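Asker: Sequence below, structure please.
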Amino acid sequence: MVPFQALQAYGIKVDAVCPGKKAGDKCATAVHDFLGHQTYSELRGHYFVLTASFDDIDASMYDGLVVPGGRAPEYLALNESVLKLVKQFSDSNKPIASICHGQLILAGAGILKEKTCTAYPAVKPVIVAAGAVWKDPEPISTCFVDGNLITGAAWPGHPEFISLFVKALGVKVTGSDKRILFLCGDFMEDYEVMVPFQALQALGCSVDAVCPGKNIGDNCPTAIHDFEGDQTYSEKLGHNFSLNANFEDVMVENYDALVIPGGRAPEYLALNEKVLSIVKQFEEKKKLIASICHGQQILAAADILKGKRCTAYPAVKLNVLLSGGEWLEPEPITTCFRDGNLVTAAAWPAHPQFISQIMESLGIKVSF
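Answerer: The predicted structure follows:
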């Protein structure tokens, strides 16, 4: 999801396809994490909605190809139609960006011979057998470029992975010398922290993530909130999110913007006086505040919504109204709103517009 929504936010048209499925169908995803075992752990993740039909794809209509990892490449590498499509991108010398186990598909397509690349370490034997020049991903966030091929080892490498891909597409980024603060907490929504965090890093922004009572290197567990046909969202355990700054060291004057992810964390962060003080300082200085989903519970508690037009996850409507905000219906759920220095959205499907409005508000420009 991170590369998909980040590229959309930058203004790039992105299609997602799967063999045997069509536009509107869903693919189940997996949460692969590093919890101290000898290999990654796996939990069930969000459902991902496809935007195009595989059988309709014409490689000549696209400028680049992205191959995600996970377990899907194990069987996609055996699909002749998939391999043919990859070969067409390779033969046209168009950028191909592949991460984690995605390189199994590249090996199956026979395009790795003498190419320098990396992958998730367990994939090394196949990569070497395919004739590639193996590079250890140390650290795991390391990516490599060889001609039109960009490879990464795992999702912690997304910022560099995305940055290298957009560069290969000829994209230029200006105005990204910004410092952005993320207010995090336990069981914030997985996508709602990871996607904007890594998408903004990929642009070149300096992004700090902090949590009350925690320090650099500590983790916050996240929650996966999804829409599976029930009367409200479902919840599953998500990735662990690693903090990269200390909450106690936060000085508002050092930042250009504040981002507040949703999930369940805002319920208790809204009770923390220092959290509310930080939010109030951003508002007093009229610095950008971007909040999504349940994040607006914190804004309401900080008493900064009075007279502001905003949205949130619909269950938070009462918080917004009682704090004096003007409620705007998020129809569809991808809708975002901006009122002065405030950008609000209702849920992670709105990320492309949410991140795009953050970029616009900060003067970050992407040109082709």
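Asker: Every contact and neighbour count from this point should use C-alpha atoms.
Answerer: Fine.
Asker: Which parts of the stretch 101-250 of the chain are strands?
Answerer: 116-117, 133-134, 143-146, 149-152, 172-174, 179-183, 188-189, 206-210, 219-226, 234-242 (DSSP state E, counting those that start in this stretch).
Asker: Just say which of these is most tucked in.
Answerer: For the strands of the stretch 101-250 of the chain, the largest average neighbour count (mean count of other CA atoms under 10 Å) is found in strand 188-189, namely a mean of 30.
Asker: quick one: which of the strands of the stretch 101-250 of the chain is nearest residue 107?
Answerer: Closest of the strands of the stretch 101-250 of the chain to residue 107 is strand 116-117, at 11.1 Å (criterion: CA to CA).
Asker: Give me the helices and strands touching the closest one, please.
Answerer: The contact analysis (3 or more CA pairs under 8 Å, 6 or more residues apart in numbering; DSSP states H and E) places strand 116-117 against strand 133-134, strand 143-146, strand 149-152.
Asker: Recalculate using a threshold of 10 Å.
Answerer: Here strand 116-117 touches helix 124-129, strand 133-134, strand 143-146, strand 149-152, going by 3 or more CA pairs under 10 Å, 6 or more residues apart in numbering; DSSP states H and E.
Asker: strand partners of the last one, parallel vs antiparallel please.
Answerer: By that I understand strand 149-152. Neighbouring strands of strand 149-152 in its sheet, by DSSP bridges, are strand 96-99 (parallel), strand 143-146 (antiparallel).
Asker: export those strands to TSV and tack on distance to residue 362 and mean pLDDT?
Answerer: TSV is the format used below for the strands paired with strand 149-152 (distance: least, CA to CA, whole Å; pLDDT from 0 to 100):
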stretch	distance to residue 362	mean pLDDT
strand 96-99	28	98
strand 143-146	28	98
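Asker: got the contact list for residue 210?
Answerer: Listed by CA atoms under 10 Å, 6 or more residues apart in numbering, the contact set of residue 210 reads 181-185, 216, 218, 220, 242-250.
Asker: List buried residues within those residues.
Answerer: With burial judged by 16 or more other CA atoms under 10 Å, the buried subset of the contacts of residue 210 is 181-185, 218, 220, 242-247.
Asker: how far away is the nearest residue to residue 123 once chain neighbours are set aside from residue 216?
Answerer: Distances taken as CA to CA, 6 or more residues apart in numbering place residue 101 nearest to residue 123, at 6.5 Å, with adjacent residues excluded. Using CA to CA, to the nearest Å, we find residue 101 at a distance of 29 Å from residue 216.
Asker: and if you look at residue 180?
Answerer: Using CA to CA, residue 180 is found at 16 Å from residue 216.
Asker: same question, residue 360
Answerer: As judged by CA to CA, residue 360 and residue 216 stand 29 Å apart.
Asker: And for residue 6?
Answerer: Distance from residue 6 to residue 216, by CA to CA: 25 Å.
Asker: how about the nearest residue to residue 344 once chain neighbours are set aside, secondary structure?
Answerer: Nearest non-adjacent residue to residue 344, counting by CA to CA, 6+ apart: residue 291, 5.1 Å away. With DSSP: H, G, I helix; E, B strand; the rest coil as the basis, residue 291 sits in strand.
Asker: Quick one: closest of the strands paired with strand 149-152 to residue 233.
Answerer: Set against residue 233 and scored by CA to CA, the strands paired with strand 149-152 come closest in strand 96-99, at 29.5 Å.
Asker: now the closest one: how far from the chain's centre is it?
Answerer: Strand 96-99 sits 16 Å away from the centroid of its parent chain (CA atoms, centre = their mean, to the nearest Å).
Asker: quick one: contacts for the spatially closest residue to residue 328 that is not a sequence neighbour?
Answerer: Nearest in space to residue 328, with sequence neighbours left out and distances taken as CA to CA, 6+ apart, is residue 311 at 5.0 Å. Residue 311 sits next to 291-293, 296, 317, 320, 325-331, 335-338, 343-347 when contact means CA under 10 Å, 6+ apart.
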